[in-house]
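S.K.: have a look; sequence and predicted model below, questions after that.
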Amino acid sequence: MDWSDSWRGAFRIELRAEAVGLAWRGWPVLPGTYPTSEGWAGRNGVEQDGPVPVHRDWQERIGTKPEQVAAWWTGRSYSLLVATGLVVDAIEVSADLGRRVAGALRAIGIPVPIAATPDGRWMFLIASGRRLRPELAEREDIRHYGIGDWIPLPPTPATHGVVHWRVKPQICDFDLPDASIVQDAIAEAILQPVDAVELVGAAAGLDFAY
């Protein structure tokens, strides 16, 4: 994408509003590096593997007040990052598996916030406190973000697009589900073909915006 100054400026307002809104909810928001024509900028020049936290002491800044969060985004279009392990965790899967997991959750009537990246990864947001089960942790296509990690949230810009919501956290009033619920759905989705999961969801008459 063309991340010109004018394009980034338009995103800055939306990023700032989303960051402040999440901070008011108690989510540990952090500013991250952002894409430019030369790479990822925002922390000591250009970064090549962003987005990463702008501040090297980012762990000491967890829990920053919304007013300071707003100030961070006043001048630059920083990526919107959320530190995991305290309030929010995430389980990341491929888009194909993510659709099947979403179908399994839809079938039991449990909405879960889902963010998707331009490169085809889905992140299911969950309450912090549980690790992945061994049978899930050993899979290369599943990753858990917990203590010491962070995730990008919408509308963070990426090299080839924008991180976006598949399911917004408002659908569950920011009440994140226990990790076991999503892990159960992942385990079920791994065993079931795509069509079977979709048919179960349709039969249940449930339709979240997955």
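M.R.: Ah, there it is. Numbering: from 1, shown residues only.
S.K.: after the longest helix along the chain, heading C-terminal, what element do we hit next?
M.R.: If you go by DSSP state H, the chain has its longest helix at helix 5-24. Using DSSP states H and E, the helix or strand that directly follows helix 5-24 along the chain is strand 29-32.
S.K.: in that following strand, what counts as buried?
M.R.: Within strand 29-32, the residues that count as buried by 16 or more other Cβ atoms under 10 Å are Val29, Leu30, Pro31, Gly32. For glycine as for every other residue, the C-beta is placed from the backbone atoms N, C-alpha and C.
S.K.: let me have these in TSV, extended by pLDDT and distance to Leu176.
M.R.: Putting the buried residues of strand 29-32 into TSV (pLDDT from 0 to 100; distance: Cβ to Cβ, whole Å) gives the following:
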residue	pLDDT	distance to Leu176
Val29	97	15
Leu30	97	18
Pro31	95	22
Gly32	94	21
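S.K.: between those residues, which sits nearest Pro111?
M.R.: Using Cβ to Cβ, Val29 is the member of those that lies nearest Pro111, at 22.3 Å.
S.K.: for Ile62, see how far away Pro53 is.
M.R.: Applying Cβ to Cβ, to the nearest Å, the value for Pro53 to Ile62 is 10 Å.
S.K.: who's more crowded, those two?
M.R.: The residue with more neighbours, out of Pro53 and Ile62, is Pro53; 21 against 15, by other Cβ atoms under 10 Å.
S.K.: in the sheet, which residues pair with the closest residue to that one other than its chain neighbours? Tell me.
M.R.: Residue nearest to Pro53 in three dimensions, not counting chain neighbours: Leu30, with 5.1 Å by Cβ to Cβ, 6 or more residues apart in numbering. On the basis of DSSP bridges, Leu30 is bridged to Leu81.
S.K.: spit out the contact partners of Leu30.
M.R.: Neighbouring residues of Leu30 by Cβ atoms under 8 Å, 6 or more residues apart in numbering: Pro53, Val54, His55, Trp58, Arg61, Ile62, Leu81, Val82, Ala83, Trp150.
S.K.: stretch 72-84: how far from the chain's middle?
M.R.: Distance of stretch 72-84 from the chain centroid (Cα atoms, centre = their mean, to the nearest Å) equals 14 Å.
S.K.: list the buried ones in that stretch?
M.R.: Trp72, Trp73, Arg76, Ser77, Tyr78, Ser79, Leu80, Leu81, Val82, Ala83, Thr84.
S.K.: residues contacting the spatially closest residue to the first one that is not a sequence neighbour?
M.R.: Okay, so that is Trp72. Nearest in space to Trp72, with sequence neighbours left out and distances taken as Cβ to Cβ, 6+ apart, is Pro31 at 4.6 Å. When contacts are counted by Cβ under 8 Å, 6+ apart, Pro31 touches Ala19, Gly42, Pro53, Val54, His55, Trp72, Trp73, Arg76, Tyr78, Ser79, Leu80, Leu81.
S.K.: what is the rounded mean pLDDT of stretch 179-192?
M.R.: Throughout stretch 179-192, pLDDT has a mean value of 94.
S.K.: look up the residues forming beta bridges with Val167.
M.R.: With DSSP bridges as the rule, Val167 is bridged to Ile114.
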